[in-house]
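Enquirer: sequence below, structure please.
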Amino acid sequence: MIASKTSRLAAQIENGQTIGLTFHYHNKTNIRFIGSLIKKILSYNDIIYLNDTLFTVLREIIVNAVKANSKRFFFNYHNLDITNDTQYLSGMQQFKSFIIENQELVENELKKSNYRVGFYLKKSDDGLKIYVRNNTPIHPDELKRIEERIEKAKTYNDFAEVYADVTDDSEGEGLGLLLTILFLRNSGIGEDSLSIKTDGKITQSTLTVPYQL
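Expert: Residues are numbered from 1 along each chain as shown. Next up, the predicted model:
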């Protein structure tokens, strides 16, 4: 069933349509479905060799989007105000261990909530456009850290430098985003192909995959 549905969606994208999927959590079924869809699109455009890199990058982006929604649930669950600096810092000290120890609870609660992640694809003149949106605004401190990590990643020459230099442990060390930028650079997709922005209501990651590297 997955194969037939992803084939149909991939054909729609090739015909110029924008397709979208929404989900609450990054479970194996969702990730497998997206992986199958991406593989077919890359194959249609003769860039299947990007499959492993793109799948790794997209999984990181999707996990981060779900994590952002999980954070909103966590703060509500503990009656903490995420916009209050003191409560935000206090909450973040507990967030990582809570999410790891309560994965089933978090997944079930997100499924019952209004928090969603949207995954959209379309073809444009400059490449395949992939959008990952979560319907929560990003905290200013988080956006600042993301921007700093992206700029920092551009200064690294190889993966060994990343592992040796990671010091921020507030949310899993920020390692995933740093490695994502290096994956994009080394694959030829380009380190500037990824952008992360917010309008105060939603947060969107946009990835442009060129047809020719």
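Enquirer: if I look at residue 22, how far off is residue 132?
Expert: Between residue 22 and residue 132 the distance is 11 Å, computed by Cβ to Cβ, to the nearest Å. C-beta coordinates here come from the backbone N, C-alpha and C atoms, glycine included.
Enquirer: any common contacting residues for the two?
Expert: By Cβ atoms under 8 Å, 6 or more residues apart in numbering, residue 22 and residue 132 have these common neighbours: 117-119.
Enquirer: name the member of those residues with the most neighbours.
Expert: residue 117 (25 neighbours; other Cβ atoms under 10 Å).
Enquirer: show me what the strand or helix carrying residue 152 is packed against.
Expert: Per DSSP states H and E: residue 152 is located in helix 140-153. Contact analysis of helix 140-153 by 3 or more Cβ pairs under 8 Å, 6 or more residues apart in numbering; DSSP states H and E lists helix 175-187, strand 194-198 as its packing neighbours.
Enquirer: starting at the chain centroid, how far to the first one?
Expert: What that stands for is helix 175-187. 13 Å (Cα atoms, centre = their mean, to the nearest Å).
Enquirer: list the buried ones in it?
Expert: Within helix 175-187, the residues scored as buried using 16 or more other Cβ atoms under 10 Å are 175-185, 187.
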